[in-house]
Structure formats: structure tokens, C-alpha cells
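With the input below, show me the fold.
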Amino acid sequence: MDLLIGVDGGSTKTAGVIVSPDDRMLARARGRSSAIVGAPDPEASAVLASIVDSLCSQVGASRHDVRACGIGLSGVDFDDEFPMQHKGIAAALHIQQDRVFLVNDAVVALWGATANPAATLLQHGSGFTGAYRAEHGAEVLFDHLGVAHTFDVRHALVALVARMINGMVEPTHLKQKTLAHFGIEDEQKYCEAVYRHLIPAERRVSTPPLIFSSWLEGDPAAAHLVESAIRDYALAAKAMIAATGSSNPDVTFGGGVLARAPDEFWKSLACAVRESYPDVTVKRPDLAPEFGAAVMAGYHTGMDPVKLFRQLHVHAQPNG
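Okay, here's the model as predicted:
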């Protein structure tokens, strides 16, 4: 059947898609996290295998019908670890190693972001990751280890509220909104709750809508956070644009945090990037990363990536 499979495995979920020889999406599947650290562990391997099983089952195919499988996986970071990771993932999937194309998850996100050969991506989900390229097949990771500490409004909010409580910063309505969101009634218990990890993780990472809404309402503290984020995201994009050597690449920003940002944020972000590169296109990704993984797999088997991308774009909802 000559099928393509694309899989995106991160720290919160795994998503997969299977594509027909005539470039149509046939089925999709989702599962738990499959991120790895070093060698693929049994849990991550089982999740990836179950995704492939589900996709093949849905279309009545077997692994022998899979022409290529593209996988973007969080934790594929180091050249010296790659051979054993590649071998382990291929073995877990029961697919020949030369038909498995394994990369960091930022790379498949870039493949899904745009069909343009020259492109950049900054993705903000549970963390940050980025990638850029001057042409198809020449993808380069950008601060995928997070050492540069790209500005994270969620973490900055935690510190800013502490500064408001301590009298270091003038309090705004954002303080009370944050305390209510975290379920803290006595603000003097806030720093202790943060330090001792008493605030549920899901509440700490779900603050961007609160920040954005406060920004739109004119809250100055929220404005400081959002404007700081815009400056830093634009700075990262400009560094990647310069590295592509192109004057007009597609500049894409994705991930769950940015997906919930209002239009005003996107307009401000585009303006910040275009201050230095007026001709670039600033946009959200066109396809979810698992589709990008399928396009990447097709490219590595000799298919036209632009044609495949455009065909899949017809059948898939943006960002999956």
C-alpha cells in the first residue's frame, strides 16, 4: 500500500497520522507522552508502538505496507545518543530501521509549519523549542535544550506576584486574579505554596489566558509580561532568520501557549519581527507536527514535500 506514517511525541501527548500513496490523510491516533531521556524506555516505546498499531488497524494495513515512518520525539537531542535511540525506536515499532526517520520534535513541527523551504519556528508548549532551515532537509535545532531561557510568561508571573506581595512592585488586579487561580486565600502563604510545590502543576501552567485577558483589560503588570515575551520571541525569530540566510522566510510561532494568544498579541509579535525583517511572513503553523512528520518521511523517500504538504493541508485542520 506504500503508506506514510507521521508521529509527534512530546512530554504531554503523542499524536500520529497515516497517509495514503495519493497524499490523503487516512487516519489519526493519539496517546500518552512518549518523550525520552537517553535510551527509549519501555513506556515510551509502548506508546509509540500503540500509535502505529492503531493507525495500521484503522486502515486495514500492516507494517509491511508502511513505506516510511517519520517520528519527532522530545529527547532526541545529542549526536552520541542518536544511534541507540534510532535502533531502539525502530525495534519497538517493528519497522526496518532504514524506513524510520527519527528527529527531535521541533524538526517535525517545522515540517508541519509551512511548505516554504526557508522557514523558522519557535514553539511554546510545556517548554520552548525551535528550529530553522534554509531549504528542505537542512533543518537545524534552535536552543532545544532551553539553556538560553526564552522568556516564559508563566514562570515570570509567579515571580511577579511574589514581588507584588513583598512590596517590590506596585500591586495590580493581576495579583488577585493569580491568587484566585492558584486557590490561595491568604497572600502571605503564597511564597510558601510556590516554594513547597503546593500549587497543582496544571494550575501553574494554565495561566496564559489569565495573563492575556488582563493585558487586554489594560493591566500594567500583565502588559509588562506580554511585552517582555513579545520582545524575546521576536529576538529568537530574528536570530533564526539571520541563520537561514534568507530575506523572506516564513516565520512561524506555535505550541499550546501561543495558540491561545489573542489576535492583538499576534499583531504585536509580527510588528516586532518586521522591524528588522519587513518582508517576512509571520504566521501560525499550517499543519500539526504529526503531519509534518509524514511530510518529512515522504521527502526522505523521494517525494515532493511541497506537493505532499499542500495535499495534506486540504484534508487536515490546522494544528490538529
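
Can you list the low-confidence ranges for the protein?
Low-confidence segments of the chain (pLDDT under 70): 316-320.

need the helices for it, in chain order.
In the chain, helices defined by DSSP state H lie at 42-58, 82-93, 105-113, 153-166, 173-182, 190-195, 201-204, 208-216, 220-244, 256-259, 263-274, 289-300, 305-315, listed in chain order.

ok, now which ones touch residue 87?
If you count contacts by Cβ atoms under 8 Å, 6 or more residues apart in numbering, residue 87 has them with residue 97. C-beta here means a position set from N, CA and C on the backbone, and glycine is covered the same way.

And residue 120, by the same measure?
Residue 120 makes contacts with 110, 130-132, 142, 237, 240-241, 244, 249-252, as judged by Cβ under 8 Å, 6+ apart.

run the last query once more with 10 Å
Residues near residue 120 by Cβ atoms under 10 Å, 6 or more residues apart in numbering: 110, 113-114, 130-133, 140, 142, 236-244, 246, 249-253, 273, 280, 282.

next one: residue 133
Counting by Cβ under 10 Å, 6+ apart, residue 133 has contacts 107, 110-111, 116-121, 139-140, 240, 243-244, 246, 249.

Tell me the gap between stretch 82-91 and the middle of its chain.
Taking the mean of its C-alpha atoms, stretch 82-91 sits 22 Å from the chain's own mean (Cα atoms, centre = their mean, to the nearest Å).

hmm, back to that, show me which of the contacts of residue 120 are buried.
110, 113-114, 130-133, 140, 142, 236-241, 244, 246, 249-253, 273, 280, 282 (16 or more other Cβ atoms under 10 Å).

quick revisit: nearest to residue 291 among the contacts of residue 133?
Nearest to residue 291 among the contacts of residue 133: residue 111, at 8.1 Å, using Cβ to Cβ.

residues near the residue nearest to that closest one when sequence neighbours are not counted, how many?
In space, and not counting its chain neighbours, residue 111 is closest to residue 292: 3.3 Å by Cβ to Cβ, 6 or more residues apart in numbering. Using other Cβ atoms under 10 Å, the number of residues around residue 292 comes to 31.

Residue 292 contacts residue 19, correct?
No. Counting by Cβ atoms under 10 Å, residue 292 does not reach residue 19; the two are 11.7 Å apart.

Fine by me, we can end here.
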